[in-house]
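Colleague: no sequence on this one, just coordinates:
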């Protein structure tokens, strides 16, 4: 009876082991199948059709709107501001008084020297009359003449200094900035007003030294400003400074603006200088080209192909050889792409 009882239990254990082995085999086959499907099955790729269109290559630089001619109005002598006769935005005419420094001491000095001149003139006339009557000496006449010349010279100097206390407009223009207040003590050469005159506005842009060799006078410039987010303005490269900034490693480029431009002095701008342009180019997303190669989808499978670049834009790139219009290009190739692997197409997001 004991042998009869243990035999079914042994068979059950062997049956259980066979079932476990079978389960492991099936699980392993499932894993292998899943791995094969993952490695060899269709892979989802985002594709874009090669198309023709305009290709633009540009050099970027940030800039600031400024007048072509901007003049500082600053005193030649130190003094206290007594009056400012033009504020920001005011149109002024040549010769118009703009700033008055406190001139009371100089005015008194002029009056003093005027009196001194009158006195020395009288002294000179008296000495001259005495000399003609032979009652005076030539030495006394020379001394009187010298005193008169000295007094006249000092009077002229005092008058010039008094005139310099009134700052006038050097030409017709507009006051664009004011940096002083009445009562303020200013030093020689310290600008109180800034004046724009004699021309329209321009943009001064900073261009990286690596790109400056591609910039030429006369190139078109597309300009954007935060103040006008929906508009693009056109300008033209008017001047390239011959000396760069060795610290910032950049060069200044002057960009002329149309006279009717609504941009205002001091606005910051984003400037794209068009260095090359082609109207009928084969275009693919710039992200599609890696090491001068692209991934195409042909008959549902991936094909790795070498291409030749043309104009490189910010978003799109011209291809001069290696693709044809209508070819499906993988827009953002991933590292797991393999030649000949089946692909499941996903339209590229705009």
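Modeller: Looks like it came in fine. All figures in this text were calculated on a predicted structure; none of them were measured in a lab.
Colleague: which residues of the stretch 251-350 of the chain fall in strands?
Modeller: Listed in chain order, the strands of the stretch 251-350 of the chain (DSSP state E, counting those that start in this stretch) span 268-285, 293-298, 301-306, 308-312, 316-321, 328-330, 343-347.
Colleague: could you say what helices and strands the one helix or strand residue 139 maps to packs with?
Modeller: Secondary structure from DSSP states H and E places residue 139 in helix 138-163. Contact analysis of helix 138-163 by 3 or more C-beta pairs under 8 Å, 6 or more residues apart in numbering; DSSP states H and E lists helix 104-132 as its packing neighbours. Bear in mind the C-beta positions are built from the backbone N, C-alpha and C, glycine included.
Colleague: Flag the shaky bits of this structure, pLDDT-wise.
Modeller: 1-41, 198-199, 349-350 (pLDDT under 70).
Colleague: isn't residue 164 right next to residue 78, touching?
Modeller: No: in this structure residue 164 lies outside contact range of residue 78 using C-beta atoms under 8 Å: 11.0 Å.
Colleague: the more surrounded of those two?
Modeller: Just comparing residue 164 and residue 78: by other C-beta atoms under 10 Å the higher neighbour count belongs to residue 164, 16 against 12.
Colleague: Identify the residues contacting that one.
Modeller: Listed by C-beta atoms under 8 Å, 6 or more residues apart in numbering, the contact partners of residue 164 are 75, 76, 77.
Colleague: which ones among those are found in helices?
Modeller: Counting by DSSP state H, the contacts of residue 164 place none of their members in helices.
Colleague: and which of the residues you listed is nearest residue 232?
Modeller: Of all those, residue 232 sits closest to residue 75, with 43.1 Å by C-beta to C-beta.
Colleague: Do I have it right that the closest one meets residue 192?
Modeller: Yes: contact status for residue 75 versus residue 192: in contact at 7.3 Å, counting by C-beta under 8 Å.
Colleague: Need the residues touching each of the two.
Modeller: Going by C-beta under 8 Å, 6+ apart, residues that sit against residue 75 and also against residue 192 are 99, 167, 186.
Colleague: most surrounded residue in those residues?
Modeller: Neighbours here mean other C-beta under 10 Å. Within the shared contacts of residue 75 and residue 192, the largest count is held by residue 99, at 24 neighbours.
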